[in-house]
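Colleague: what's the 3D shape of this:
(one chain, ligands or ions: 1)
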Amino acid sequence: MFSVKAVCLVEAIHLATGCPRLAGRLIHPAVCHVHHWTKRDIDPRWSSWTGPNSTGEAGVSAHQTKVMAKQEQPGLLIVEIGGVCGVLEGHVELLKKHFHLITMKEFLKKKERLSEKIKSVLIYECRPVIDRELLQSLPHLKVIANSGVGVDHLDLKLISSFGVKVTNTPHAVSDSTADIGMALMLASARRLVEGCQIAVSPQTEHFAADWLGDEVTGATLGIIGMGSIGYKVAKRAKAFEMKILYHNRNQRKEEEEQAVGARYCEKMEDLLQQSDFVILVVNLTPQTHKLIGKRELELMKPTATLINISRGAVVDHDALVEALQNGIIKAAALDVTYPEPLPRDHPLLKLKNIIITPHIGTATVQATRMMTEEAVANIQAVLNGLPIPSEVIPQ
Ligand SMILES: O=C(O)C(=O)CO
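Modeller: Numbering: from 1, shown residues only. A predicted model of the protein is given here:
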């Protein structure tokens, strides 16, 4: 979608976000605006990431990372798209403690001299093309660290054929992304965006009876994809006294199911037929591409809402437009679309029964900070031959 040749500046910190603010998060209807994030106070609670990885092994401690940093200052190439997303200002200092930072702009200008020095690449929540040409120009590259969990924008097989490891940040993103799933579900059920629009409209008299919503309490939530984010959604939904169904490649352990009161549906069809809210939390892979199409939408209840916090391409947008226009399902709430952003004349943007946010699953001060810390821990582990907290293994 973007090209790595786009100008990038470490100091240019821009994230696509929007307004108005609701429940401490950013929710807005179909049209989104670009805001510029400037200086931010980083929450001091977030020290270096030291959590265990998915296999329970200990991560790299802050102390270990400091010791390593003294031993060497490897070159870290920051791959970002200037003006759309980038390294948050407060994180530059954190990265500089461990690495000599090289921006893509700098790299492209002095390729001959810099290519020998770069051992790691850091990708910030953007979708750059890491292609053969770039990989060939970095002979000492050891690791590509993705900040974020989804790596569908990376050609894992190609990267691995260069002997380069890929890492991601599943621990850092799970709470904030689960939160956005709940926020979208509640916003859609209680028609918050319409409510906001009515509250600020010139008309002074408003009748709530004209736009009644639904309660999520007691409703059935179907979670498709029960990885760490899906599980965190289940934990939250339990607190809302929802009935929880889930569909996943593998069934979770009995005690994990019991802890959140979730029931496994081996067949996704069963989940679709029974749920009042269906939330998508799967990785985008060839198997999940357009997982939800016309047939699946027709299986859902006409009163049901589809929420997508995974990747846009997991849903067939044409089928979704048709389903929303014809009352096949009641509503949709999407944090992800394809492409991102949608063209301004896209039919999804013209519908009233939809909420779209501009991929803000991880857009919190805390999650972005932890993503940088988790990425640093991953890079340090690869460069120092230690157990890697979050390595992505090509399937
Ligand atoms: O971590 C990611 O890949 C996300 O897109 C979270 O929204």
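
Colleague: helix/strand/coil for the closest residue to the ligand within the chain?
Modeller: Among the residues of the chain, G361 lies closest to the ligand, at 2.4 Å counting by C-beta to the nearest ligand atom. (C-beta placed from N, C-alpha, C; glycine too.) What DSSP: H, G, I helix; E, B strand; the rest coil gives for G361 is coil.

Colleague: quick one: it and S176 touch, right?
Modeller: Yes: G361 is within contact range of S176, at 6.4 Å (criterion: C-beta atoms under 8 Å).

Colleague: higher neighbour count, those two?
Modeller: G361 (25 against 22; other C-beta atoms under 10 Å).

Colleague: and the pLDDT at the more buried one?
Modeller: Per-residue confidence at G361 stands at 95 (pLDDT).

Colleague: P339: how many residues sit nearby?
Modeller: The burial count for P339: 11, using other C-beta under 10 Å.

Colleague: run through the residues that contact the residue of the chain closest to the ligand.
Modeller: Applying C-beta atoms under 8 Å, 6 or more residues apart in numbering, we find G361 in contact with V173, S176, T177, I180, I309, D335, V336.

Colleague: cutoff 7 Å now
Modeller: The contact partners of G361, by C-beta atoms under 7 Å, 6 or more residues apart in numbering, come to V173, S176, T177, I180, I309, D335.

Colleague: which of these are close to the ligand?
Modeller: V173, T177 (C-beta under 6 Å from any ligand atom).

Colleague: take the contacts of G361 and lay them out in a markdown table including distance to D131 and pLDDT.
Modeller: What follows is the contacts of G361, written out as a markdown table (distance: C-beta to C-beta, whole Å; pLDDT from 0 to 100):
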| residue | distance to D131 | pLDDT |
| --- | --- | --- |
| V173 | 25 | 96 |
| S176 | 30 | 98 |
| T177 | 28 | 98 |
| I180 | 31 | 98 |
| I309 | 28 | 98 |
| D335 | 28 | 98 |
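
Colleague: all helices for this protein, in order.
Modeller: Listed in chain order, the helices of the chain (DSSP state H) span 62-71, 89-98, 104-109, 111-114, 132-136, 156-161, 170-189, 192-199, 228-239, 254-260, 268-274, 294-299, 317-325, 365-383.

Colleague: what's the closest of these to P347?
Modeller: helix 317-325 (4.7 Å; C-beta to C-beta).

Colleague: where does pLDDT dip in the stretch 251-395 of the chain?
Modeller: Filtered on pLDDT under 70, the stretch 251-395 of the chain yields no residues whatsoever.

Colleague: residues of it that sit close to the ligand?
Modeller: For the stretch 251-395 of the chain, the residues in contact with the ligand (C-beta under 6 Å from any ligand atom) are G361, T362.

Colleague: and if you look at the stretch 51-200 of the chain?
Modeller: Counting by C-beta under 6 Å from any ligand atom, the stretch 51-200 of the chain comes close to the ligand at G148, V149, G150, V173, T177.

Colleague: change it to 8 Å
Modeller: On the criterion C-beta under 8 Å from any ligand atom, the ligand has as its neighbours in the stretch 51-200 of the chain the residues 125, 146-151, 168-170, 173, 176-177, 180.

Colleague: I'd guessed M300 sits against I329; true?
Modeller: Yes: using C-beta atoms under 7 Å, M300 is in contact with I329, at 5.0 Å.

Colleague: dump the residue contacts of I180.
Modeller: So I180 contacts R25, I309, D335, I360, G361 (C-beta under 7 Å, 6+ apart).

Colleague: same thing but at 10 Å, please
Modeller: Neighbouring residues of I180 by C-beta atoms under 10 Å, 6 or more residues apart in numbering: 25-27, 187, 229, 233, 307, 309, 333, 335, 357, 359-364, 367.

Colleague: quick one on the thing from earlier: common neighbours of M300 and I329, please.
Modeller: With C-beta under 10 Å, 6+ apart as the test, M300 and I329 both reach L272, V278, L306, A323.

Colleague: and for the second one, nearest residue in space, chain neighbours not counted?
Modeller: With sequence-adjacent residues excluded and distances taken as C-beta to C-beta, 6 or more residues apart in numbering, V278 is closest to G222, at 4.5 Å.

Colleague: what's around that neighbour, how many residues?
Modeller: G222 - counted by other C-beta under 10 Å - has 26 other residues nearby.

Colleague: mind checking pLDDT for it?
Modeller: Confidence score, pLDDT, at G222: 99.

Colleague: so it sits against K267, correct?
Modeller: No: look at G222 against K267 with C-beta atoms under 10 Å: they stay out of range, at 11.6 Å.

Colleague: joint contacts of those two?
Modeller: Counting by C-beta under 10 Å, 6+ apart, the residues touching both G222 and K267 are H247, Q273.

Colleague: give me the pLDDT value at F2.
Modeller: pLDDT at F2 comes out at 30.

Colleague: buried ones only from the residues of the stretch 51-200 of the chain next to the ligand, please, as a ChimeraX command.
Modeller: Here is the ChimeraX command that picks out the buried ones among these, judged by 16 or more other C-beta atoms under 10 Å:
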select :125,146,147,148,149,150,151,168,169,170,173,176,177,180
